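>>> Return a 3D structure for these sequence lines:
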Amino acid sequence: MMLLLAMLAGSWISTGADPCPPASAAITAGGCEDFLLLTSGTGAGLWLCRPGGSPLLLSTLPGSGRNAFVREGAVYFREISRGSSAVIVWRDSGARILLEGPGICGPFPAEEGVLSTEGGEIVFLGDESGSSTRFETGADIIPSVCECGGCLWFVDGCGSLWRMASREGSPERAGFEGCATVSAREDEILLRHVDGTFSVLDRDGRAMLQGRAGLWPGWTTGGEVISCTSDGSIEMTEPVSGETRVVDRGQAAFRPVDVPGWGICWTDPADGSLVPGDRGADPLRLPSDLPSACRSPAAPSAEIDVPWLHQRWDTPDWFDGSWSCGPSSCTMAVQYYDRLTPDSIWCSSPSPGHWSRWGSYIPAEFTFLGYTYDILGVSPGDVWVPGAHGFICRDAGGAYWAYMALYMQQIGLESGWAGTGWSTLTSELLNSWPVVCSSTIYYGGGTYGHIILFAGYYEDRTVIVNDPFGDANDPGWGGSLQYPEGKAVLYDWPGYNNGHLEIGAVNQLFTARHDILVQPDTLVDDLSLGFEKLGPCEYWHEQLTGYSGSFWWTHTTASPADTNSARWHPVLPQAGYYEVSVFIPPDHAEGTAIYRLSTQSGPEVIALDQSQFSGEWASLGAFYLAPGDSLYLGDGNTVAGEQMAFDAALFSQSPGGTADGPGPAAGIAVFPNPCAGTIHVLLGENGAGSEILLLDLSGRILEEVMVPPGEFEALIGEGLPCGAYLIRSMPSGDTCKALVLR
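Okay, here's the model as predicted:
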């Protein structure tokens with residue numbers, strides 16, 4: 001019952017975006033008796049509409065419609081260009097710049113004049129001449145400010161509400177956190193919160209109405225708060241009594257605004273047009289060539305490279321992933337740490353098609369770390385599927401928050417609900433941990449519950465997002481023409497206008513922590529980007545011991561072909577001789593491992609009985625390698641059911657090798673390997689005078705050869721049957737592996 005009630009309240013699940021929202025949407029940016037301002041869902045471009053006339057284009061720049069308003073026949077708005085922005089006033093006689101600079105927010109109406117902010121300063125623009133008065137606040141950035149009862153109220157960069165008792169006074173906290181914007185009407189203050197709720201305060205900062213659910217809240221001409229729900233219902237709330245009534249328009253109506261003289265206007269989600277309320281005018285539509293989002297010229301404060309997965313175009317052709325934003329975002333977080341093995345599928349859209357490495361995990365059953373994802377969940381068309389979608393979405397179609405966190409936990413991440421704070425987001429990203437977010441996105445006439453992943457941020461509160469549905473800044477969000485444009489797109493944090501789509505609400509953040517994969521060098525661990533595990537993930541087991549406290553293991557197979565395997569990709573500084581060693585952990589290592597090493601003289605095959613080592617390095621021998629060579633280990637060794645460990649590999653430069661070609665090796669090498677007939681052994685510079693032992697994989701000595709002093713070569717093993725053998729030099733103990741073919 002608790003889960004059902006929470007689900008119905010909309011606070012525990014997030015639905016996926018609809019498959020094909022309209023390409024553009026019109027919303028009101030403000031207005032009066034004669035003017036109606038029109039902008040897009042991303043605040044891109046600004047048009048002025050008069051009754052019976054054609055829309056007049058005022059600006060083509062991104063962000064120009066976000067905070068626009070009309071006062072006494074003048075239109076005030078902000079234009080954003082690369083690296084700078086300006087507050088503009090427009091009249092029939094023309095436009096002029098009132099304020100220009102790199103960190104401007106606004107404009108905002110004041111009791112007399114216009115307010116704006118620049119960095120941590122509040123700027124009062126008293127007239128249209130461009131004169132200004134500045135007030136220091138001590139904040140780093142101020143996205144929103146208003147004037148009420150002779151006081152200035154503003155929201156700082158951490159979402160705290162502040163009050164200045166006068167324009168000359170010192171700011172003091174007003175006791176509200178998680179705020180996105182603040183606005184005023186007469187003696188009442190409206191707070192829009194980051195989490196999609198709103199509060200109404202009196203002129204002294206006391207809460208009259210607190211935490212009421214409602215998206216995109218604003219004032220009506222009668223002093224009520226107008227907002228909409230996620231299903232497109234318009235609600236009017238009386239601030240004093242808290243009574244709410246629903247305005248029935250007979251259809252879904254998003255982004256409602258009460259414009260003087262025009263009545264309640266809203267956006268029709270069916271075609272993205274703006275419907276004027278009381279004028280009886282025809283719906284208004286935007287042109288299709290909307291401005292593109294801005295790209296910040298500054299460097300991000302934090303950014304990590306997270307693999308991107310499109311919920312529709314990276315999943316199997318037979319599956320409609322339009323509701324799979326939650327499973328896709330969680331799987332992106334999982335694959336940032338390379339947890340699941342690739343399970344490549346061919347996706348035919350967009351044409352001509354492409355391979356998807358992880359899309360099958362969304363609708364197909366799989367097992368990993370003892371958990372089988374076979375729970376069925378509903379997807380579009382009443383199709384029930386297992387996999388990540390079934391586990392996370394279940395009977396709702398949208399993502400259950402609790403199952404999102406549990407999914408990431410079961411796959412090995414530390415995950416949990418983390419609130420909605422900007423400081424929480426930045427702290428996680430500065431530690432190189434991605435953050436999954438249940439958000440509200442306004443696009444194409446509708447409001448969509450949508451799961452996204454944060455991969456970075458800028459100081460101006462632009463966020464770097466992996467959006468599994470594509471880039472919502474551009475027309476065609478979710479369409480095949482946008483592939484692969486959902487990786488590292490730029491959105492604005494709620495309440496900010498930096499020229500990108502503004503996230504409507506951050507409903508919940510989810511941590512997704514694990515050990516960060518490090519760049520490989522001559523040491524490649526399983527926690528390195530140079531370690532690649534392959535094969536069905538159900539057969540991989542993780543153990544929190546071994547080198548650096550983590551390794552993987554699987555059971556061996558008797559079949560010739562490997563089922564599971566791993567490859568170590570070192571970054572070698574130059575060509576030369578390298579001693580190759582592997583770390584054998586103290587447990588889950590009991591069988592003979594057949595390592596395959598690519599070298600400049602051909603592939604080498606080395607057998608190593610892992611049971612002879614425990615928590616220590618084992619040498620595979622010295623070999624002439626070059627950048628690009630790698631080490632491979634599969635689970636096939638002719639014996640089924642043994643435990644085989646995959647941990648760290650070390651490639652140590654040995655003396656005697658140069659970039660010009662092979663010299664005497666420090667250990668043993670076999671040329672060529674695989675070979676046919678007699679085995680040709682090349683000893684390192686310390687090998688002269690050694691005894692060479694030829695052994696089978698059980699350790700039984702088959703042949704012994706003495707190498708005279710001053711010589712570095714030997715022939716051994718004539719007439720051996722096909723198979724894998726060990727070669728060891730005594731007394732040094734250097735070991736290599738030869739594979740004889742006939």
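
>>> Is the residue sitting nearest the centre point of the chain within a helix or a strand, and which one?
Central residue of the chain (Cα atoms, centre = their mean): L453, 3.5 Å from the mean position. Counting by DSSP states H and E, the element that carries L453 is strand 446-457.

>>> what about the closest residue to D492 other than its chain neighbours, how many residues close to it?
Once flanking residues are discounted, D492 sits nearest to E502: 4.4 Å by Cβ to Cβ, 6 or more residues apart in numbering. In this view, the C-beta of every residue, glycine as well, is placed from N, C-alpha and C. Close neighbours of E502, defined as other Cβ atoms under 10 Å, add up to 21.

>>> Neighbouring strands - and their directions - for the strand holding L453?
Strands that pair with strand 446-457, judged by DSSP bridges, come out as strand 302-303 (antiparallel), strand 435-443 (antiparallel), strand 462-466 (antiparallel).

>>> picking up where we left off before, what about the residue nearest to the centre of the chain, distance to S344?
22 Å (Cβ to Cβ, to the nearest Å).

>>> Confirm A405 sits in a strand?
No - A405 is assigned helix when assessed by DSSP: H, G, I helix; E, B strand; the rest coil, not a strand.

>>> ok so, going back, hey, least reliable of the strands paired with strand 446-457 by pLDDT?
With a mean of 93, strand 435-443 has the lowest mean pLDDT of the strands paired with strand 446-457.

>>> Now do the contacts for the residue nearest to D492.
T42, G43, R66, Y442, Y491, D492, W493, P494, G495, Y496 (Cβ atoms under 8 Å, 6 or more residues apart in numbering).

>>> any idea which of these is closest to L695?
Comparing these against L695 with Cβ to Cβ places Y491 closest, at 62.7 Å.

>>> so what strands line up beside the helix or strand containing that closest one?
Assessed by DSSP H and E, Y491 sits inside strand 489-492. Paired strands of strand 489-492, with direction, are strand 462-466 (antiparallel), strand 501-502 (parallel) (DSSP bridges).

>>> Figure out which of the ones you listed is closest to C32.
strand 501-502 (24.0 Å).

>>> which element is W346 on?
Counting by DSSP H and E, the secondary-structure element that holds W346 is strand 345-347.

>>> In that strand, which of the residues would be classed as buried?
I345, C347 (16 or more other Cβ atoms under 10 Å).

>>> Adjacent strands (with direction) for that strand?
strand 354-356 (antiparallel).

>>> What's the per-residue pLDDT of the residue nearest to D492 here?
Predicted confidence (pLDDT) for E502: 94.

>>> What's the local residue count around G263?
Around G263 there are 15 residues (other Cβ under 10 Å).

>>> That one bridge partners, please.
Bridge pairing for G263 - DSSP bridges - gives V259.

>>> does it really touch V257, like I thought?
No - look at G263 against V257 with Cβ atoms under 8 Å: they stay out of range, at 9.8 Å.

>>> Output the below-cut-off pLDDT ranges for the stretch 51-200 of the chain.
Residues of the stretch 51-200 of the chain meeting the criterion pLDDT under 70: 127-130, 166-168.

>>> Now that the residue nearest to the centre of the chain has come up, it's in contact with W433, right?
No - counting by Cβ under 8 Å, L453 does not reach W433; the two are 11.1 Å apart.

>>> Nearest spatial neighbour of I264, chain-adjacent residues omitted?
Nearest to I264 is G277, by Cβ to Cβ, 6+ apart, at 4.1 Å.

>>> show me the contacts for the residue nearest to the centre of the chain.
Per Cβ under 8 Å, 6+ apart, neighbours of L453: V306, S329, M332, A333, P434, V435, V436, C437, V465, N466, D467, P468.

>>> That one and G416: what is the separation?
On the measure of Cβ to Cβ, L453 and G416 end up 16 Å apart.

>>> With R96 instead?
For R96, the distance to G416 - Cβ to Cβ - is 52 Å.

>>> top helix in the protein by residue count?
helix 325-336 (DSSP state H).

>>> That one - contacts with which helices or strands?
Other helices and strands packing on helix 325-336, by 3 or more Cβ pairs under 8 Å, 6 or more residues apart in numbering; DSSP states H and E, are helix 387-393, strand 399-400, helix 401-410, strand 435-443, strand 446-457.

>>> Compare these and give me the one nearest P520.
strand 446-457 (21.6 Å).

>>> That closest one relative to helix 401-410, how many degrees between them?
30 degrees (axes from the mean of the first three to the mean of the last three Cα atoms, to 10 degrees).
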